[in-house]
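>>> fold the following for me, if possible:
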Amino acid sequence: MLNSYFTVKSEGSDEVVIQKSRFIGHVKRVETEEKAQAFVSEIKKRHHDATHNCSAYMIGEQNLIQKANDDGEPSGTAGVPILEVLKKKDLKDTAVVVTRYFGGIKLGAGGLIRAYSSTTSQALETTGIVKRQLMQNFLVTADYALLGKLENQLRNSQYLLKDIAYQENVEFSVYVESGQEEGFTEWMVDLTSDQAEIKTGGSSYLEIDV
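So this is what the prediction gives:
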C-alpha cells in the first residue's frame, strides 16, 4: 500500500465554451478499469447527441492502467491531452470524459489540445482533489490523572486525535501517519513516563483536501 497518493473526490463536472463549442468535463473516482469503462459508457449514453465524448483514465498504485480515446477527434488531440493532465497532477484511480458539442468553428490540432486540456483541468478543480494518507490507528489507555495533559498535547501535535473514550481509564484513539509509528510511540512513552498502555489498531486511508 502506498503511504499517500492523490486522487479526486467521488464525482463532478464543469463546462467551458471555446469558440462556440461546448466542452463538458466529467470526472469520477474509479478503482478498476471496469468501473472506468462503465463511467465512459454512462456519459456517452447521457450525451448521445454530442459530437464527441473523449476520455482517459489512470488506475492503480503504479498507474499500470492508462487509456485514452479520441472518439473521432484527430488522433492525439483529445484523449492524450486529457491523460497528460492526469499524469501532470499525478492523480490515481481517476477517469475523465470530455463531451464536445461542436459550435461550427474548427479549432485546429493545437486549439483542440488546449481545449481538452483546459476543460479537464477546470473539471478536476471543480470536482476537488484529495490526498489519501495511510494512517495507523493507536489506542492509548492511561489514568485519568493524565487526561488533561495528554489531550492538550495531542491536540497540539502533528498527530490526529480521533476520539476519547471515558471508561475505567481514559482511552485515546489517535491516527498516526504511516512511517511515523516509532516516533509516536517514543513520544507517548516519554510524555506519560511510560505509564500508558499503547496498542496498535488497524490502518486506513484518510482523505485531506488539497
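
>>> count of neighbours near the residue nearest to D90 when sequence neighbours are not counted?
Closest residue to D90 apart from its sequence neighbours, by CB to CB, 6 or more residues apart in numbering: F6 at 5.5 Å. All C-beta atoms are positioned from the backbone trio N, CA, C, and that covers glycine. Number of residues near F6 (other CB atoms under 10 Å) recorded here: 16.

>>> these two touch, right, F6 and L124?
No. Counting by CB atoms under 8 Å, F6 stays clear of L124, with 10.5 Å between them.

>>> which residues does the residue nearest to D90 contact?
Contacts here follow CB atoms under 8 Å, 6 or more residues apart in numbering; on that basis F6 touches 89-92, 129-132, 210.

>>> could you rerun that using 6 Å?
90-91, 129, 131 (CB atoms under 6 Å, 6 or more residues apart in numbering).

>>> which of those fall within strands?
129, 131 (DSSP state E).

>>> other SSEs contacting the helix ranked longest in the chain?
If you go by DSSP state H, the chain has its longest helix at helix 108-127. When contacts are defined as 3 or more CB pairs under 6 Å, 6 or more residues apart in numbering; DSSP states H and E, helix 108-127 sits against strand 11-18, strand 21-29, helix 79-88, strand 94-101.

>>> tell me the domain ranges of the protein?
The chain breaks down into these domains under automatic domain parsing: 4-127, 132-209.

>>> from start to finish, how long is the last one in a straight line?
If I follow you right, that is domain 132-209. Domain 132-209 has an end-to-end distance of 9 Å (criterion: CA to CA, to the nearest Å).

>>> run the chain-centre distance for that domain.
Average the C-alpha atoms of domain 132-209, do the same for its chain, and the two points are 25 Å apart (CA atoms, centre = their mean, to the nearest Å).

>>> quick one: mean pLDDT for that domain?
Mean pLDDT, domain 132-209: 96.
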